[in-house]
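Engineer: okay, sequence plus prediction incoming.
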Amino acid sequence: MAGNDKKSKNFLVSKIGGQQLIVLGVIVALFAFFCIKSDIFRSYTTILSMLDFSYFVAFMAIGVTFALITGGNDLSIGTGMVCYGIIGGFFVTKLGLPVTVGFVITILCGVLMGCFNGFLVAILELPPFIATLSTMMIARGLGSIVTGGSSITWPADAWFKNIFKISIGEAKYPLGFVWVVLAVTIMTIFLRHTKPGRYIIAIGSNKEATRLSGVNVIKWHMLAYIICGMFTGFAGVAYSATFPTIAAGSGAGLELDAICAAIIGGTSMYGGSGTIFGTLLGVYVMSILKTGLPLIGLQANWQQIITGIVLLVAVFIDVVRGKKN
Amino acid sequence: MEKIKQNPIVKKIGFNRLVLICVMILMYLMFGAVCAMMGRASFFTIKRIFNALNYAYFLGFLALGVTFVIATGGIDFSMGPVMFCSALVSGYCLTQYGVPLALCIVISILVGAVFGMLNGYLVAYWKMPSFITSMASMMLAKGLGSVFTKTQSVSWPQITDPVNGWYRKLVKITVGDATIPTGLIIFAVISIICAILLNNTKAGRYITCLGSNKEAVRLSGVDVRKWEALAYVICSMLAGVAAIFYVGSYSVVQPGLGDTFNNEAIASCVMGGTSMAGGIASIGGTFIGVMIVALLQEGIRAVGLQIDYQYVVTGAIVLVAVYADIRSRKRRN
Amino acid sequence: MGEVILTMKGIDKSFPGVHALDHVDLEIRKGEVLALMGENGAGKSTLMKVLTGIYKKDEGTITYEGKEIEFENPSAAQEAGVIIVHQELNMLSHLTVAQNIFIGREIMKGSMIDDAKMNEEAAKLFKKLNIDIDPAETMGNLTVGKQQMCEIAKAISHEAKVIIFDEPSAALTETEIEELFKIIRDLRDKGMAMVYISHRMDEIKAITDRVTVMRDGTYVGTIITKDSTKDDIINMMVGRVIYEDPKTQSNVPKDAPVVLKVEHLNAGKMVKDVSFELHKGEILGFSGLMGAGRTETARALFGADPKDSGDIYINGQKVDIKSPQDAVKYGIGYLSEDRKRYGVVVGKTVAENTTMATMEKFMKGLFINKKKEDEVAWTHVKALKTKTPTVDTEVVNLSGGNQQKVVIAKWLTRDCDILIFDEPTRGIDIGAKSEIYTLMNELVAQGKSIIMISSEMTEVLRMSDRVIVMCEGRKTGEIDISEATQENIMHMATLRK
C-alpha cells in the first residue's frame, strides 16, 4: 500500500490535492459543455456577469471555510452579509457619511457578528449550527429594523462600482476577480503557514489534544468565527457593489451556496481539513451551474433545486470520505 | 422553591411548563399594558386572540413535528419550506386542475411525506448529518414549489366559496355572532395524539431512546434506522397538515418562502423543554411554546413594531433556551 | 542504579463512593524502566493522572528533582518534563508528523511557520531515536505503531525527563513492539526515567528493571525484575484473591447439547478464523490479554459489526446474523463491556431500559402497557436485588453494578437462551460482583448458556466451565476448567503466531 501511495504522489497531485484536480476537471467540463450548448454562455457579457455574481459568494465561502475547518459551521453569513451591507448603506445614504466609512462599518458589523458567533460557540459551547441559525435570524431582523423595512440603495459613485468591475474605455474588466484571488492567496498562506491557521486546523482535527498541547483553543476557535464574520463583511461590500439596491430581510439561502462551495472544494464538515483554493474552485462550480443551466432552458427557479442537489451530493461525498478515514 | 417543585399537581404538569404558562400570561398582560400606554387599540380583544391562534395552528403542527426529530437528536430545517411547498402544490392542483379539495388535502400531506422520507432516508440510512441534509431539502422544497406553480403564488378559496370553502371551517366556524376556534380543538387533539404517540407507543419509545443512546438501542436488537427515519416522516407529514391550516388562515402562499418558520418552530420546541441533544421531548412543552411564540408575534404587531423584531426575539430565545439546556445537562453529569 | 528523580509518597485520592488510591508510594529513577502493574481497577491510571495533574491528590507529596511540586494540569507537567504517552493517542490526524510533534511551539521564521525547518528537526529527532518515519507524512496515514513512535518522539522533543507509557503495546504488532523496546532501551541508556504500564508479563520481564505492584488502590511492593519470577509478580498482583473459590470441575454434563456453534469466524483485523461450541447450561470463559479480539468476536457474532466470513449454528440450525436484530431474534443477548455507551440508555428509566429489547410483549394494541412494564421491571429489580428507589428512576442515577443489573434484566425479559457477558464485573464493587456471579450461576442452572469475556483471571477460574483463550484475534487454546490454571491460560494468551 505504501508503494502505491508514493507512486500516486506526483508533483501536481501533491501540490493541489486529488479532489481539487477532479473539481478543476469538473469546472472545465461544465464550462465546455455550456459553451457548446449555448451561444449566450460563450459571450463575454455572460462570463462577466457570472463573475459579478461570484464575488460575494467567494468571500462568504472563504470565511465559512474557516468555520467548517474547526468542525463547526456558520449559517448566519447569508442574511448577515445583506444585513451588514444594509447597515453600511444606511450610514452612507441616510446620514451622509462617505462611502469609505460605509464600507468600514459594513466590515465592522461582520467582525462584530463573528465575535458574537465565536462567543456562543467557543465560550458558551453551543452547537454551532443552532447558534448560528439564531444569529442568522437576528441578522435578518436587524437589517430590516435599521432601515424600517425599506431597501437601501448605495450611491452609484463611479469609483465604488469600479472596485469590482472597472471600465476602461468601452471595455469592462472583472477587477473583483483580482481581489478574490488576492484574498485566496493571503488566506491560504494564513491557514497553512501561520500559527493561528495551524491551530484552527488542529482544533478541527482534535480539540482536546490541541488543548492538552498547551494551545489556547478558545481564543483560536473564536478567531475562526471572527475571520468568517470579517469575510462576510467583505462579501457585504461586494454585494453592495454588485447590486444597485439591497432588499431588507433577503439573503437567506445564500449561505448554503457558500457552504456548498466549500464542501465541494474538499473542506470536510467533520473538521480538520480544507483548503481555500478548493473553496474557490467550489464557488465556480456553483457559479457555472447557476449561470449555465438557465441558458439551456432551466428557469431561474431551478437555482434553489440545483443548490439543494449539489449540496446533497457534496455532503454525501464528504460522508463517504469521512467513513474511509 | 423545592416545596413547590414537590407538590403533586406541579409535578404532574411539570415545573418548567408551569413557569412557561406564567411567562405566557405575563407576556399577555405586558403587551396589553404597553398597548394601553402607547394609546393603541386594546390588546385584550377576541380578535387579537384569534389572530394569535391563526398563527399558532400552522406553527404548532410544525413544532409538534420537529419535536419528534429533535427527540432523535437530529434537526429539521426543511419543514417551513416543505409546508409552503405542500400548500403550493396542492393549491395549484385545486385551482388550476380542479382536483377535489379533499384529495388536495391528502396531496398536501403526501408531499410532506415524500420530503420526510427523503430526509429520513438520507439521515438514518446514509448517515448524513441532519442539519445540512435538511437544509438541502429546504432548497429542494423551495425550488420545487416554485417550479410546480411556475413561480406564481397560489390563492386558496375563501370561506364564501360554495364548493371548496369548507376547509376553512377546520380553522374556525362562525355560528351567528359566536366564533368557534375549531383549529384550536384540532390542534389540541393532534397534540394529544402526538403526546400519546411519543409516550405510549413503541415508535415514540424508540425515538426518544435512540436520541439518548442510539448504539445501546441498536444493540438491544432494535431497527434504529427505521424508527429514526419515521421521526422525519412524522415531522414532514405534520408540515403537510400545517399547510392546510396556513392557507385556512391566510389564503395566499408565495413560492420560495417559509424558512423563518423553522426557527420559530424550533424555538417553541426548545423552550418547551425538548433537548437539542435528543432523548428528552415534551409535547406539552411544545404546545405552550407555540402559544408563546404566537402571542409574541401578535403582540409585536399590536404594539406597532415591525415583524422583524420577532426574528430577533425568537433568535435570542433559541440561544437562551439551548444554553439553559446545555447547562442543565452539564450539571446532571 | 540511577538517582531518584521523582518520588510519590502517601498519595491518597477518593472519588464519591470509591477510595481509588490509599496512601500509595512510587519511586522513579533515572536510567531505569519501572513497571507499574496491577489488575484492572488497581489504581495505576489514577496514580498517573494524579502525577500529571489531571486529578488533584487529597493527601501525600510528590517530589520531583528535589523539590516538592504539584502540577496544575498536564501542560504544566509537560513543561516540567513529565510526559505521558497515552493508550489512546492524542494525535491530530489531519496534520503532518512534524506538525504534530511541534504543535503549540512551532518553529517560526518571522510571522510564518517554518515547516521545512520543523521537518528537518523532526527528521533529526527520528534519526537520534532510530525511527524511520517521514516527518512530512500525514499523521492519519500512519499505522498505530508508528503513531505511537511519533508520540514518543514528541515527548523526547519536549525534553522529557520522565516518560510514562500507558499500555503502549496494546495495539502494536510483534515487530512494532520490538522497535518500541529498542527505543526504550536506547532512552534508558541515555538516562531517561520511564514508567511502563502493561498487563503483558513477558514484556515486563523483557524491558523493565523494577516492578511496582498495586492492588485495589494500595501499594503492594516493589521488586527487582531480574531477581523475580513471573509467579512472584502474579502473586503480588492478585494477592490471596486468586485462591478464592475456583471452580474445580465443569458443571456441564458431557452430553449437554450444543446450543451455539461458530465456525471459522472472520471479522476485520481482530477476529481471525475463530471456531468454538457452546453447550447448554455452560459458562464458556473467554480469556486473553487486552486487545486479543474477544470483544470483537462477540460483536461479530452478535451482528453488531459486520463479519467477513464464517458460519453460525444455533441448536444445529445454520443462521444468518447480519444485525443485532437478527441475533436477538435467535435468542442471543449481549452485555457490553462499556455499559454506559452500549448497554443502558442512561437518560431513560429502569423500566424503559428493562423492556427495551422486548417492546412487543408489552403492547396493548397500539399502546405500551406501562402497568405491565412496571410490574415486570419490579420483578427483575427484586430478583436481581437492584438498588433503585423506583422503576421510574433514570438509570443515570444508579451505580455501575446496578446499571449492569438493569442490562441483565433487559435480556432476562427477552428470555434469551444465549447470553454474552463482556467484562460483566468491570467497574463494579466487590459486593455487587459476587451477586452477579451468583446470578450467572442461577442462569445456567436454569438451562441458559453464557459466554463470559473476562480479563480477570480470578473471574475466569471461578466462573467458567470451559475456557477459550485468544491472542491477537486467534483462538490459541481451549481447556476444561479441571485442567485450567493461571499459568497455562497465561501461556496460551501469549502464544503469538
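Structural biologist: Done, it's in. These numbers come from a predicted model, not from an experiment.
Engineer: show me what contacts residue 295?
Structural biologist: You didn't say which chain, so I picked chain A. A:Leu295 is in contact with A:34, A:37-38, A:40-41, A:46, counting by Cβ atoms under 8 Å, 6 or more residues apart in numbering or on different chains. The way it works is simple: take the backbone N, C-alpha and C, and place the C-beta from them, glycine included.
Engineer: wrong chain, I was asking about chain C
Structural biologist: Contacts for C:Thr295 (Cβ under 8 Å, 6+ apart) come out as C:337, C:422, C:453.
Engineer: make it 6 Å
Structural biologist: Each residue near C:Thr295 by Cβ atoms under 6 Å, 6 or more residues apart in numbering or on different chains is listed here: C:Asp422.
Engineer: where along the stretch 101-250 of chain C do the helices fall?
Structural biologist: C:115-129, C:144-157, C:174-189, C:201-207, C:230-238 (DSSP state H, counting those that start in this stretch).
Engineer: show me chain C divided up by domain.
Structural biologist: Per the record, chain C has its domains at C:4-242, C:245-493, by automatic domain parsing.
Engineer: and the pLDDT for C:Thr218?
Structural biologist: Per-residue confidence for C:Thr218 comes out at a pLDDT of 88.
Engineer: cool, the one 10 residues further on as well?
Structural biologist: Model confidence at C:Ser228, given as pLDDT, is 85.
Engineer: phi and psi next, for it.
Structural biologist: Backbone geometry at C:Ser228, expressed as degrees, to the nearest 10, gives phi -130, psi 160.
Engineer: beta partners of the residue lying closest to C:Met236 once chain neighbours are set aside?
Structural biologist: Distances taken as Cβ to Cβ, 6 or more residues apart in numbering or on different chains put C:Val213 closest to C:Met236, at 4.1 Å, once the chain neighbours are dropped. Counting by DSSP bridges, C:Val213 forms beta bridges with C:Met37, C:Gly221.
Engineer: tell me who's in contact with C:Val213.
Structural biologist: Per Cβ under 6 Å, 6+ apart, neighbours of C:Val213: C:37, C:220-221, C:236-237.
Engineer: 8 Å instead?
Structural biologist: C:Val213 makes contact with C:37-38, C:220-223, C:233, C:236-237 under the criterion Cβ under 8 Å, 6+ apart.
Engineer: so C:Leu419 makes contact with C:Ile450?
Structural biologist: Yes. With contact defined as Cβ atoms under 8 Å, C:Leu419 counts as touching C:Ile450 (5.0 Å).
Engineer: which of the domains of chain C has the lowest mean pLDDT?
Structural biologist: For the domains of chain C, mean pLDDT drops lowest on domain C:4-242, to a mean of 86.
Engineer: centre of the chain to it, how far?
Structural biologist: Taking Cα atoms, centre = their mean, to the nearest Å, the mean C-alpha location of domain C:4-242 is offset from the chain mean by 17 Å.
Engineer: same question for stretch A:130-141.
Structural biologist: Relative to its parent chain, stretch A:130-141 has a centroid offset of 17 Å by Cα atoms, centre = their mean.
Engineer: now look at that stretch and say if it contacts chain B.
Structural biologist: Yes. Stretch A:130-141 lies within reach of chain B by Cβ under 8 Å from any Cβ of the partner chain, at A:130-131, A:133-138, A:140-141.
Engineer: give me the mean pLDDT for that stretch.
Structural biologist: The average pLDDT within stretch A:130-141 is 92.
Engineer: same question for stretch B:60-74.
Structural biologist: Mean pLDDT, stretch B:60-74: 96.
Engineer: chain center to that stretch: distance?
Structural biologist: Mean-position distance between stretch B:60-74 and its chain equals 8 Å (Cα atoms, centre = their mean).
Engineer: which residue does the stretch 101-250 of chain C have closest to chain A?
Structural biologist: Closest approach between the stretch 101-250 of chain C and chain A, counting by Cβ to the nearest Cβ: C:Gly104, at 3.9 Å.
Engineer: re earlier: show me how to select, in PyMOL, the buried members of the contacts of A:Leu295.
Structural biologist: Only the buried entries of those go into this PyMOL selection, using 16 or more other Cβ atoms under 10 Å in any protein chain shown:
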select buried, chain A and resi 34+38+41+46
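Engineer: just the helices of the stretch 101-250 of chain C: most buried one?
Structural biologist: Highest mean neighbour count of these: helix C:144-157, a mean of 21 (counted as mean count of other Cβ atoms under 10 Å in any protein chain shown).
Engineer: what residues does it touch?
Structural biologist: With Cβ under 8 Å, 6+ apart as the contact definition, helix C:144-157 has outside contacts at C:83, C:85-86, C:89-91, C:97, C:100-102, C:121-122, C:125-126, C:128-129, C:131, C:133, C:139, C:142, C:163, C:168, C:171-173, C:176, C:179-180, C:183, C:187.
Engineer: for chain A, tell me which of the residues you listed show up nearby.
Structural biologist: Among these, the ones lying near chain A by Cβ under 8 Å from any Cβ are C:90-91.
Engineer: still on that earlier bit, between C:Leu419 and C:Ile450, which contacts overlap?
Structural biologist: Both C:Leu419 and C:Ile450 are in contact with C:Leu443, where contact means Cβ under 8 Å, 6+ apart.
Engineer: export stretch C:264-271 to PDB, keeping only CA atoms.
Structural biologist: Extracted C-alpha coordinates of stretch C:264-271, given in PDB (Å, rounded to 0.1, in the frame of the first residue of the first chain):
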ATOM      1  CA  HIS C 264     -14.300 -20.100  11.000                       C
ATOM      2  CA  LEU C 265     -15.500 -16.600  12.000                       C
ATOM      3  CA  ASN C 266     -13.500 -13.800  10.400                       C
ATOM      4  CA  ALA C 267     -14.200 -10.100  11.000                       C
ATOM      5  CA  GLY C 268     -11.700  -7.400  10.300                       C
ATOM      6  CA  LYS C 269      -8.200  -7.500  11.800                       C
ATOM      7  CA  MET C 270      -9.200  -8.600  15.200                       C
ATOM      8  CA  VAL C 271     -11.100 -11.800  14.500                       C
END
